[in-house]
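> need coordinates for the below:
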Amino acid sequence: MYELEKRNLQRFSAYITKFLRPSVIKNFMATYLDKEMVENILSMEEKSVTTAAQMLLERMYCLEEVGWFQAFLDILHASEYIGLHDAIKEWNFEELEKLNEHRRFLERIEPSITKHMKPSDLLMHMSCCLKPRECEEIKAEESQRGRMAASEKLVASLLRSDRPNWFKLLKIALDACELDEALELLETNGGGKAEKASGWDGEPEPMMTTVCFEFREEAEPEDMLMSINDTAVTEKPGEPEKSGERKLREYQNELAAAATQGQNTIICAPTGCGKTIVALAICEYHLKQFPKRAKIVFLATKVDVYAQQYKLFKEHFSCKDPSIRVTGMCGDMEQLSVRFLIENYDIVVMTAQILVNALQNAELPSLEILTLILFDECHNTTGKHPYNNIMTSYLDRKLSSGTHSLPQIVGLTASVGIGSFKNRLEAENNILQLCANLDTKTITTVNKHKDELKSYVHTPEKDFFEVQQRPSDPFIRIIKNIMANIEQLAQNTYNIESLSNIQNREYGSQKYEQWIVSVQKSCRVLQMKDADEERRICRQLYNYTEHLRKYNDALIINEDARTKDALDYLDAFFDQVRNAGYDETERKLTALYDCQRPQLQRLATEGEQNPKLDELKFILEEEYQNNDQTRTVMFVKTRALVDAMKKWIDETDSLKFLKPGVLIGKGRKSNFTGSGMTLNNQKGVLDTFKSSDQSKMLIATSVADEGIDIPQCNLVLMYEYVGNVVKMVQVRGRGRAEGSRCFLISSSKESIEKERINMFKEKIVEEAIIQLQSNPTSFSNKVDMLQREDKARRDHISASPEIPKIQGRYELLCSKCKRFACMSDDIRVVQNCHHIVLDRSMFKRCTTAPHKNPKAFNGFNKKEKMLCAECKHDWGLVASYTTIQDLPLLKIESFVVQDCVTRKQNYFRKWRDVTFAIREFDMTEITPEMCRPRD
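Here you go, the predicted model:
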């Protein structure tokens, strides 16, 4: 596999090693190479970057994991190796070859030119050809070792730059900084007088060509991320095929109409109808209408969806009109400049929080730099969602006095049935609020071409399977008895009933989980006269409630899966407890479990089958007996249940032929599914599901119900999976094949009734849209009124005096055992979001463990997990930053903050909520000791 790519990497290795610095793509190495090899490569880089790059390539020649080559290209692009990325992608190194003459010339004059350079001044003019990390390192070098050392580092960075304009930018920078002696050295043999900054030779201005967007409907696209129902491609009779040219269907033209007339609008149409294709058509029309001026941003809610949409945009425009510059940016690429991308590209696909950060940090002064913003899954534009933060900035500008030139707004969604409502009027009010938030006075739906839409988009038949609840069995009784014993132990330690107001909690319920959260929150700020007694009690209560939480989880798993899966979950938890070095309380609790373990094992082996699983087995056997080409997507609530259901299918003789794949998000680790799935893992699963008989079924969490295109399937199973109207519409829409069906399997009458109500509410939403569309004047007036009311509320809040941060001294105590961690005086904030500790003695109070997913973010390289030395509570990360080694990065949720004077304790979940002042990080505070790894 990848033999061609490997041969080409070997063939062009001499070019690649001239530019590639392995530490910049450390995240890629950590994913695909073993830890020892990564450390060897990084160690070699300190001696020779070129040798380290060669070592990396030699290891890459041996890679076999699916997706590694695309991951390599992706990390190059994300790390701003644009020239190298393009050269490897096309296997064309002509542009990089052109840099050799300048490189050789600069190498020749390096000893002379470095004597006449002022790096800190030059960097202000050279950010376009140097990476942010390189700029920081050069600044740090000048601060610690002087101007000459920094000049040498600047030249070394330029010699490894893959930007085609770096030589010209260097001359412009020298001229702007009036460094005439250095400039003269460059011009002696470097050619010509330096041009002023206005004439730098970056990418040439593209000539905008006429956009021709034609769709055809015979052959189907092969891209896994594109809906099979979206569009099709073919040749025109008598003409050669043009890749990517497609003809919009009539209903898609209808959906695009309002947007191509320049109106702000919400496009509301079913999942699978090709809304992204409509978005592409709108972008092409907009680029044609505003040649050389159009600036388009396409926003996605999640990284998973961003990757899918960026790939589609990139491939479409690279085939259709390569002069249209498309790029992308998501949360893993925060070192890139948003403003630079917007100013130098025509279309930028990004996750919403990236744009929010750019506005809050004033990197973008306003949204007026843009001409069109498209919001994917725009029903999320409510409350504190990033979409709504963006539109608040937009509306504040719109409703303020003075002139403005704001971008056009286009939203895309499968349903506007947001919020709670019982009748059409309440649904109308919710929709109007969404429209006000998005500054839209039209909702575009398919009205004239409904028959054509129905011929392409098949709404699955919905059916309900109400199954018998698992009868109360000895396993459940034993677990509940253990929980009752633990509650009594906790009560003997402290009156836990006084720590929460939640009453009538039942074992094995979400309400019991809420009670645990409430008790732990109160424990964190529980204070006593005797500090040692306080620490002892708080730690014991934390341990008791954590064990209660795991038993509660096991009961929930047992309700929906096998008893064996619930027992596996508990075994995994107790293995973690034993490996973490447990204290006396945990030993007592582990003994409580161990004495019941043989009985629980017997029940897990010999107990009755779960009735829900019997029903699910019957459904799957029947469906595949009737049609062995069936493709199934099953949605479940949690990752633990994903793992349990996969194990059950793999271990059931009549079902194991399904070879189910799993699709989960990237989020935090769980006992069952590790640290989530990377984008490449997700792509691999979807590829297998689509293109082979290896997997006939996907088991997914909510990551798959919004935005991600799942290949055509004809059976959607909702296994105890019920949400709101929008979720129902999106989940049902995963069944796109003709004759597809959607089943809800549940033992809860309430859940089934809720889904029936959702179906009724869907009809109410349709009626509400028709009513709003029937009276455009009233629609517009109501949107205007809501916007004015919202603006008045925001103005009132902003006019209220901001509570000043308190100046004082505070101790940060471990929230689990109340041991001292550090002083607030030693905390600094970096980039307005990362909180580091300068006091190196903190390492005496914590232990560290290798991080399972070391990677770079915002100039930091995370290396280790940081844990409380006393109780092993997670405190945060250990990372390096520029030249600084081993910096503690704190999670405020892991600590209690205690006033050194009053001894009052507070708990904060977010750093933005803390009430004390924190100083900005200043590089001058760094000592030589901090630039060396700790002992």
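> any idea how far Tyr387 is from Tyr310?
Separation of Tyr310 from Tyr387 (CB to CB, to the nearest Å): 18 Å. (C-beta placed from N, C-alpha, C; glycine too.)
> with Gln252 instead?
Using CB to CB, Gln252 is found at 24 Å from Tyr387.
> now the residue lying closest to Gly411 once chain neighbours are set aside: phi and psi?
Excluding the flanking residues, the one nearest Gly411 by CB to CB, 6 or more residues apart in numbering is Cys378, at 3.0 Å. Per-residue torsions, Cys378: phi -70, psi -10 (degrees, to the nearest 10).
> when you give positions from now on, start the count at 27
Done: numbering now begins at 27, and the last item shifts to Cys404.
> for Cys404, what are its contacts?
Ile292, Tyr413, Gly437, Leu438, Thr439, Leu460, Leu464 (CB atoms under 8 Å, 6 or more residues apart in numbering).
> could you dump the residues you listed to JSON lines with distance to Arg929 and secondary structure?
JSON lines is the format used below for the contacts of Cys404 (distance: CB to CB, whole Å; DSSP: H, G, I helix; E, B strand; the rest coil):
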{"residue": "Ile292", "distance to Arg929": "54", "secondary structure": "strand"}
{"residue": "Tyr413", "distance to Arg929": "43", "secondary structure": "helix"}
{"residue": "Gly437", "distance to Arg929": "51", "secondary structure": "strand"}
{"residue": "Leu438", "distance to Arg929": "54", "secondary structure": "strand"}
{"residue": "Thr439", "distance to Arg929": "52", "secondary structure": "strand"}
{"residue": "Leu460", "distance to Arg929": "48", "secondary structure": "helix"}
{"residue": "Leu464", "distance to Arg929": "49", "secondary structure": "coil"}
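> for Arg782, phi and psi?
Taking degrees, to the nearest 10 as the convention, Arg782 sits at phi -60, psi -40.
> ok, now Asp900?
Per degrees, to the nearest 10, the backbone of Asp900 is at phi -70, psi 120.
> where do the helices of the stretch 327-476 of the chain begin and end?
With helices called from DSSP state H, counting those that start in this stretch, the stretch 327-476 of the chain shows them at 329-346, 364-370, 378-386, 412-425, 450-463, 476-482.
> what about the ones you listed, which gets the closest to Cys859?
Closest to Cys859 of these is helix 378-386 (CB to CB; 8.5 Å).
> other SSEs contacting the closest one?
Helices and strands touching helix 378-386, as assessed by 3 or more CB pairs under 8 Å, 6 or more residues apart in numbering; DSSP states H and E, comprise strand 322-326, helix 364-370, helix 412-425.
> what about that helix, average pLDDT?
Mean per-residue pLDDT for helix 378-386: 91.
> list the buried residues for that helix?
Within helix 378-386, the residues that qualify as buried are Ala378, Gln379, Ile380, Leu381, Val382, Asn383, Ala384, Leu385, counting by 16 or more other CB atoms under 10 Å.
> what do you get for stretch 478-490?
Leu479, Tyr482, Val483, His484, Thr485, Pro486, Lys488.
> which pair in the residues you listed spans the largest distance?
Farthest pair in the buried residues of stretch 478-490 (CB to CB) is Tyr482 and Lys488. Separation: 19.7 Å.
> what segments of the stretch 577-726 of the chain are strands?
All strands of the stretch 577-726 of the chain, identified by DSSP state E, counting those that start in this stretch, fall at 658-661, 687-689, 723-726.
> follow-up on the earlier one: worst average pLDDT in the helices and strands packed on helix 378-386?
Among those, helix 364-370 has the lowest mean pLDDT, at a mean of 90.
> so how far is it off the chain centroid?
Centroid displacement of helix 364-370 relative to its chain, using CA atoms, centre = their mean, to the nearest Å, is 21 Å.
> tell me what that helix is packed against?
Short answer (3+ CB pairs under 8 Å, 6+ apart): helix 364-370 packs on strand 352-355, strand 373-377, helix 378-386.
> which SS state does Leu893 fall under?
Assigned with DSSP: H, G, I helix; E, B strand; the rest coil, Leu893 falls in the strand class.
> re earlier: now distance to Gly749 too, for the helices and strands packed on helix 364-370, in TSV please.
TSV is the format used below for the helices and strands packed on helix 364-370 (distance: least, CB to CB, whole Å):
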stretch	distance to Gly749
strand 352-355	29
strand 373-377	22
helix 378-386	21
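> and Ile42, which of those is closest to it?
Using CB to CB, the helices and strands packed on helix 364-370 put strand 352-355 closest to Ile42, at 21.9 Å.
> burial check on Glu955, number of neighbours?
Glu955 is flanked by 9 other residues according to other CB atoms under 10 Å.
> model confidence for it, exactly?
On the pLDDT scale, Glu955 gets 74.
> dump the residue contacts of the residue nearest to it when sequence neighbours are not counted.
Spatially, and ignoring its direct neighbours in sequence, Glu955 is nearest to Arg866 (6.9 Å; CB to CB, 6+ apart). By CB under 8 Å, 6+ apart, the contact set of Arg866 is Glu955, Met956, Arg960.
> now do the phi/psi pair for the first one.
Per-residue torsions, Glu955: phi -60, psi -40 (degrees, to the nearest 10).
> relative to Ser800, how far out is it?
Counting by CB to CB - Glu955 and Ser800 are separated by 73 Å.
> kindly report the same for the second one.
Using CB to CB, Met956 is found at 68 Å from Ser800.
> so these two - more neighbours on which side?
Neighbour comparison, Met956 and Ser800: the larger count goes to Met956, with 16 against 9 (by other CB under 10 Å).
> so what's the closest residue in space to that one that isn't next to it in sequence bridging to?
Once flanking residues are discounted, Met956 sits nearest to Ile910: 5.3 Å by CB to CB, 6+ apart. With DSSP bridges as the criterion, Ile910 is bridged to Tyr907.
> so who does Ile910 touch?
Ile910 neighbours (CB under 8 Å, 6+ apart): Ile952, Met956, Cys957.
> same check, this time on Asn511
Leu618.
> again, but for Gln546
Leu567, Tyr568, Thr571.
> nearest spatial neighbour of the first one, skipping sequence neighbours?
So the one you mean is Leu567. That would be Cys549: by CB to CB, 6+ apart, it lies 4.7 Å from Leu567.
> would you mark the buried spots in the strand or helix carrying that neighbour?
Per DSSP states H and E, Cys549 falls inside helix 536-550. By 16+ other CB under 10 Å, the buried positions in helix 536-550 come out as Tyr538, Glu539, Trp541, Ile542, Ser544, Val545, Gln546, Cys549, Arg550.
> without its sequence neighbours, what residue ends up closest to the fifth one?
This means Ser544. Spatially, and ignoring its direct neighbours in sequence, Ser544 is nearest to Ser526 (3.9 Å; CB to CB, 6+ apart).
> pLDDT value on the one you found, please?
On the pLDDT scale, Ser526 gets 88.
> so it is in contact with Trp541, correct?
Yes. Ser526 is within contact range of Trp541, at 5.5 Å (criterion: CB atoms under 8 Å).
> next, the angle from the longest helix along the chain to helix 536-550.
Using DSSP state H, we find that the single longest helix of the chain is helix 557-586. Going by axes from the mean of the first three to the mean of the last three CA atoms, to 10 degrees, helix 557-586 is angled at 170 degrees with respect to helix 536-550.
> flag every buried residue along helix 557-586.
560-586.
> cool, and stretch 330-341?
Asp330, Val331, Tyr332, Ala333, Gln334, Gln335, Tyr336, Lys337, Leu338, Phe339, Lys340, Glu341.
> over to stretch 395-406?
Quick answer for stretch 395-406 (16+ other CB under 10 Å): Leu396, Thr397, Leu398, Ile399, Leu400, Phe401, Asp402, Glu403, Cys404, His405, Asn406.
> end-to-end on that stretch?
24 Å (CA to CA, to the nearest Å).
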